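Undergrad: Generate a structure from the sequence data that follows.
(chains A and B)
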Amino acid sequence: MNAIEVDNLTKLFDDFTAVDHLDFEVKNGEIFGFLGPNGAGKTTTARMLTGIIKPSSGKVRIMGLDIRQDPIKAKQIMGVVPELSNAYTELTAWNNLQFMAELYGVPGKDARQRAEELLGKFDLYERKDHKVRTFSKGMKQKLILAMSLMNDPEILFLDEPTSGLDVISARLIKDMVLELNKEGKTIFLTTHYMEEANQLCSRVAIINHGKIAAIDAPEKLKMRIGGLEWVEVSFDMPVDASDFSDLSGVIDIRMSGDKLRLYTNEPGRTIYQLVDYSRSNDLEIVMLNTLTPTLEDVFIKLTEEME
Amino acid sequence: MIDQLKRACAIAKKDIRIYYLKGPVVIFGILFPVFLFLAFVIGRDLPVDFLIAGLLSMTIFFTSMSITPVIAPTETQTRNLERLAAAPVSITTVLMGDMLASVLFGTGISLVPIIVGMAIGVTVTHPFILAAGIVLAAFCFSAMGLIFSSAPTSMTSTVMMISTMVKFPLVFISGVFIPIRELPSWGQVLASASPLTYITDLCRYSFQGTNYYPIWMDIAALVIFLVIFMTAAVKLHEKSLPERL
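TA: Got it, this is the predicted structure:
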């Protein structure tokens, strides 16, 4: 059974179509990335999937449960970390966790045990009786993730979970996401960070203007824009970019600071030609790199194509 | 159903911990009715049991309506609303929770004028009617407060301003300071449209043994207002929730 099934999902805000007939599935046990530029419809989609807002048309099934017909049952098996959500800052970390347990109907003894476990895991146990207003952003985000796990959900929706966090807190959260996935939880991850999606997700969907531009495994998506490998080179003296326009295999040339970037579909041949060029012009190669497309390149290419 | 009720109680517990001592609640729920009452009674020669009954009804009215209008805009501003919306609770459950917190606050504070009245020699001749009336009115006014909090804003001051604009005229047309039978006929018609009128009448009956409407009518009117306010609040909150996220 698929964990999430989205069928013809559409959301209109007056005349504006925020989400336009989306169709996709998220398999049970996968980390599914949902990428898109600002205003693409990511958060609106996530809110419809989690039953926070109602779709204008289309269907969403969570573990086979229709989110519109069985919203309480469907929400019961989800954990949600909304993009701009906060914990209750006037309450302690412990009270926030207990409140979530009560909202999800977790029995008292289990709730206490789970809260202790999660506070330990997120390195917050020592601060459990402190009000959340005294917490740093990283600590708050860890607590929010812990709150979303109080009901031991089958599916976890994370909307920009590492946004604005320092490197250590972001890494801890990413490690937790991987660990939770290993435990069998399905993760729906909305993010701006391409590298995060590349590291964590087994499949990603790229959304722009409310429509899905592509949906596949990150490496497969990178292969789709094959031919866009490039060689980055820097010489000890300034060079004229036009000198390289006749090199075979080179599609495009861009200068970036003291570096020259040659887009090529024959990177090996291009390297030989660059070495020949340096010898014949008595130049020294300071730096030479071959680069393959990143998920960010795929993202930019696909979103540009849709513009 | 029972599950949702338990979850409403969890929401009420959270509200009690967070909102009871918030500035707008103390100012609009406690200080405001006290000063309004003092402004009207000082220098006027009125029977004590009449004044205590009026003070009590006004206290229930103001205190029960001071919590619910604060919660939704505050939680919109502090970004807690989306978390509640994602939880397995209906909007009715969330509003029930807010209402319960408000009812407990309203009934708790309304004990103060009763105790003050008893300390200065006023007797409660119909305590059960009074208790039922206080609880029912607290529910009714809390639900009324929920209507104001459905405004799609994160500004508590905006909601409090709107609710004050409604609360003040109601105090003057509901027999709190002037008995309904002494009002002109158009005033009596207006009074019948105010829920505050019926709890004031119940308080007068409980303290003085005099009433303008039959007791069953007072209770029925409060129940009808409660149903209308709660239904309207649920509909309005359902509509405004997406705008507040």
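
Undergrad: what's near enough to touch the residue nearest to B:G97 when sequence neighbours are not counted?
TA: Leaving out its chain neighbours, the residue that sits closest to B:G97 by CB to CB, 6 or more residues apart in numbering or on different chains is B:I11, at 2.5 Å. Glycine gets a C-beta too; all of them are placed from N, C-alpha and C. Counting by CB atoms under 8 Å, 6 or more residues apart in numbering or on different chains, B:I11 makes contact with A:103, B:84, B:89, B:93-94, B:96-98, B:100-101.

Undergrad: okay but B:A87 is in contact with A:K75, surely?
TA: Yes - counting by CB atoms under 8 Å, B:A87 touches A:K75, with 6.4 Å between them.

Undergrad: before we move on, back to that, just checking, which of the contacts of B:I11 belong to helices?
TA: Among the contacts of B:I11, the ones falling in helices (DSSP state H) are A:103, B:84, B:93-94, B:96-98, B:100-101.

Undergrad: Lowest-confidence entry in the residues you listed?
TA: Within the ones in helices among the contacts of B:I11, pLDDT reaches its minimum at B:L84, with 91.

Undergrad: That residue touches B:T78, doesn't it?
TA: No - judged on CB under 8 Å, B:L84 makes no contact with B:T78 at a distance of 11.4 Å.

Undergrad: Show me the contact partners of the helix or strand where A:K174 lies.
TA: In this structure, A:K174 sits in helix A:167-182 according to DSSP states H and E. Here helix A:167-182 makes contact (CB under 8 Å, 6+ apart) with A:29-31, A:121-123, A:137-139, A:141-142, A:145, A:149, A:156, A:158, A:161-162, A:165, A:187, A:189, A:196, A:199-200.

Undergrad: rerun that using 10 Å as the cut-off
TA: A:29-31, A:79, A:81, A:118, A:121-123, A:136-142, A:144-146, A:149, A:153, A:156, A:158, A:161-166, A:185-187, A:189, A:193, A:196, A:199-202 (CB atoms under 10 Å, 6 or more residues apart in numbering or on different chains).

Undergrad: ok, back up a step: need the overlap of contacts for B:A87 and A:K75.
TA: Common neighbours of B:A87 and A:K75, using CB under 10 Å, 6+ apart, are A:50-52, A:103-104, A:151.

Undergrad: Count the neighbours of whichever residue of the stretch 51-200 of chain A sits closest to chain B for me.
TA: Proximity of the stretch 51-200 of chain A to chain B (CB to the nearest CB) peaks at A:E102, 3.3 Å away. By the measure other CB atoms under 10 Å in any protein chain shown, the count of residues near A:E102 is 20.

Undergrad: Nearest spatial neighbour of it, chain-adjacent residues omitted?
TA: By the measure of CB to CB, 6+ apart, the closest residue to A:E102 outside its immediate chain neighbours is B:A10, 3.3 Å from it.

Undergrad: That neighbour contacts A:G108, doesn't it?
TA: No - taking contacts as CB atoms under 10 Å, B:A10 lies outside contact range of A:G108: 11.4 Å.

Undergrad: Which one's more surrounded, the two?
TA: Comparing B:A10 with A:G108 by other CB under 10 Å, the one with more neighbours is B:A10, at 21 against 10.

Undergrad: Provide a list of residues in contact with the more buried one.
TA: Contacts for B:A10 (CB under 10 Å, 6+ apart) come out as A:98-105, B:87, B:89, B:93, B:97.

Undergrad: Please spell out which residue in chain B sits farthest from the middle.
TA: Residue distances from the centre of chain B (CA atoms, centre = their mean) peak at B:A86, which lies 28.7 Å from the mean C-alpha position.

Undergrad: A:M287 versus that one, what's the distance?
TA: Taking CB to CB, to the nearest Å as the measure, B:A86 and A:M287 are separated by 49 Å.

Undergrad: How about A:I155?
TA: Distance check for A:I155 against A:M287: by CB to CB, it reads 45 Å.

Undergrad: Same check on A:D123?
TA: Per CB to CB, A:D123 is found 40 Å from A:M287.

Undergrad: Same check on A:T264?
TA: To A:M287, A:T264 is 17 Å away according to CB to CB.

Undergrad: ok, the two, which is more surrounded?
TA: A:T264 (24 against 10).

Undergrad: How about the contacts made by the more buried one?
TA: Contact analysis of A:T264 by CB under 10 Å, 6+ apart lists A:227-231, A:247-253, A:270-271, A:273, A:290.

Undergrad: where does it fall, phi/psi-wise?
TA: Backbone torsions for A:T264, taken as degrees, to the nearest 10, come to phi -150, psi 150.

Undergrad: And it, what's its pLDDT?
TA: For A:T264, the model assigns a pLDDT of 84.

Undergrad: what's the answer for A:E307, then?
TA: A:E307 is assigned 64 on the pLDDT scale.

Undergrad: quick revisit: among the contacts of A:T264, who's most crowded?
TA: Highest neighbour count within the contacts of A:T264: A:V231, with 25 neighbours (other CB under 10 Å).

Undergrad: Which helix or which strand is home to the residue in chain B positioned nearest to chain A?
TA: At 3.3 Å from chain A, B:A10 is the closest residue in chain B, using CB to the nearest CB. Assessed by DSSP H and E, B:A10 sits inside helix B:2-19.

Undergrad: Which residues does whichever helix or strand comes after that helix contact?
TA: Sequence-wise, the next helix or strand downstream of helix B:2-19 (DSSP H and E) is helix B:23-26. With contacts defined as CB under 10 Å, 6+ apart, helix B:23-26 is touched by B:19-20, B:32, B:63, B:66-67, B:69-71, B:73-74, B:102, B:105, B:156-157, B:159-160.

Undergrad: Now with 6 Å, please.
TA: The contact list for helix B:23-26, computed with CB atoms under 6 Å, 6 or more residues apart in numbering or on different chains, reads B:19, B:66-67, B:70, B:156, B:160.

Undergrad: In helices, which of those fall?
TA: Taking DSSP H as the definition of helices, these contribute B:19, B:66-67, B:70, B:156, B:160.

Undergrad: what's stretch A:11-30 in contact with?
TA: For stretch A:11-30, contacts defined as CB under 6 Å, 6+ apart pick out A:2-6, A:8-10, A:32, A:41, A:44-45, A:55-56, A:184, A:186, A:202, A:205, A:210-212, A:215.

Undergrad: Just the buried subset of those residues, please.
TA: Buried members of these, scored by 16 or more other CB atoms under 10 Å in any protein chain shown, are A:2-6, A:9-10, A:32, A:41, A:44-45, A:55, A:186, A:205, A:210-212, A:215.
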